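**Q** Structural data only, the sequence is not supplied:
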């Protein structure tokens, strides 16, 4: 039962609380409106702003909530375009794809990251909050750049000019300033806390205590936290503990091609992760595959690279409407067809596979 209140679970709980206070203070909406205001109706710039905004918010809060909020803001913009304008598809597709990718960038961005860090820690391989960002941000930027370029090519804006109503910027309220302060202190703590002997889970206690102590959240908000996700992640970690204790992992890995090169092991694992992640939850895929990888008798650096590559592929496997909640939400808008999601989702999955097989391992081996 130890995994149910491990350092990783506490880190995720702190992330959920930050997400909750940002939404309750309407800071997420203010940020999204800011993106629309600064792009000034230029189609390519607006698309890039939506991609960057969705990805950035998803680094710190639920990608499902970010998708729902961004769609609410962008749908009125889409309705002002011609019904047959291809760029309508680009604006809607950008939201779930960017929100799915954004989770790659921080340990709290998506549950597979937490699963990866937990199992690596169990092997004595500690990755700090800042180290995770250094390992993943370059590939997040590459993937977002490819997404922007692909959407502009597949769904060109032609001569469209976007128009929208932007809310007047009112002064920040006391609640919003408190939320900004808690967010900033927590992020700084996650980035540099390791230098002072503070675990990321310990730092995550700060937003939890401060938010309820200052009255930014109440009892109903506490009940509304996504406890099911926490239990799912903790259950996956506990399953890995059980596999290790019973030596089941040692039995399963006998079917893997361990006699060949590192690349001959990496290729089938990444393909399996991409396929499974496309048809089932990326959290379930990570919870299934990472315990098996951790069971391998490999040097620490190779083990870390394998886990990072699998985790990255779990987050980029977003081919179908059922692959991730953001995909399902975007599909429910009625603007998209399944073929649209498959086309751009398969491209993102392919990019994850290429990165995981090429520049990813080169970069990770270089800095680990």
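**A** Great, that's in hand. It should be emphasised that the depicted structure is a prediction, and the values quoted were computed from it without experimental measurement. Numbering: from 1, shown residues only.

**Q** what's the longest helix in the chain?
**A** helix 129-154 (DSSP state H).

**Q** how about stretch 34-47: buried residues?
**A** 35, 36, 39, 43, 46, 47 (16 or more other CB atoms under 10 Å). Heads up, the C-betas are built off the backbone N, CA and C, glycines and all.

**Q** so the third one touches residue 53, yeah?
**A** No: the pair residue 39 and residue 53 does not pass the contact test of CB atoms under 8 Å, sitting 9.7 Å apart.

**Q** centre of the chain versus stretch 21-29, how much separation?
**A** 19 Å (CA atoms, centre = their mean, to the nearest Å).

**Q** any idea how far residue 318 is from residue 135?
**A** Separation of residue 318 from residue 135 (CB to CB, to the nearest Å): 21 Å.

**Q** Excluding chain neighbours, what is closest to residue 119?
**A** Of all residues not flanking residue 119 in the chain, residue 294 sits nearest, at 4.6 Å (CB to CB, 6 or more residues apart in numbering).

**Q** I'd say that neighbour and residue 123 touch.
**A** Yes: using CB under 8 Å, residue 294 is in contact with residue 123, at 6.1 Å.

**Q** Mind listing the shared neighbours of these two?
**A** residue 303 (CB atoms under 8 Å, 6 or more residues apart in numbering).

**Q** Give me the more crowded residue out of the two.
**A** The neighbour count for residue 294 versus residue 123, taken as other CB atoms under 10 Å, is higher for residue 294 (23 against 13).

**Q** List phi and psi for residue 126.
**A** phi -90, psi 130 (degrees, to the nearest 10).

**Q** Quick check: residue 21 touching residue 216?
**A** Yes: the criterion here is CB under 8 Å, and residue 21 meets it with residue 216 at 4.9 Å.

**Q** so what pLDDT did the residue nearest to residue 119 get?
**A** Looking at residue 294, its pLDDT stands at 85.

**Q** any idea how far it is from residue 192?
**A** 28 Å.

**Q** How about residue 262?
**A** 34 Å.

**Q** now do residue 24
**A** Residue 24 is 27 Å from residue 192, by CB to CB.

**Q** buried residues in the host helix or strand of residue 307?
**A** Assigned by DSSP states H and E, residue 307 belongs to helix 300-316. Within helix 300-316, the residues scored as buried using 16+ other CB under 10 Å are 302-316.

**Q** Average pLDDT for the helix or strand that that helix is followed by, rounded please.
**A** Next in sequence after helix 300-316, counting helices and strands by DSSP H and E, comes helix 325-331. For helix 325-331, the mean per-residue pLDDT is 82.

**Q** what does helix 325-331 rub up against?
**A** 63-64, 66-68, 71, 92-93, 95-96, 99-100, 318, 320-322, 336, 338, 341, 345.

**Q** which SS state does residue 215 fall under?
**A** Counting by DSSP: H, G, I helix; E, B strand; the rest coil, the backbone at residue 215 sits in coil.

**Q** I meant residue 198, not that one.
**A** Per three-state DSSP, residue 198 ends up coil.

**Q** Now, of the contacts of helix 325-331, which are buried?
**A** Buried, going by 16+ other CB under 10 Å: 63-64, 66-68, 71, 92-93, 95-96, 99-100, 318, 320-321, 336, 341, 345, out of those.

**Q** Tell me which of those residues fall in helices.
**A** Short answer: these in helices (DSSP H) are 63-64, 66-68, 71, 92-93, 95-96, 99-100, 341, 345.

**Q** Quick check: the farthest pair among those residues?
**A** Greatest spacing in those, by CB to CB: 68 and 345 (18.8 Å).
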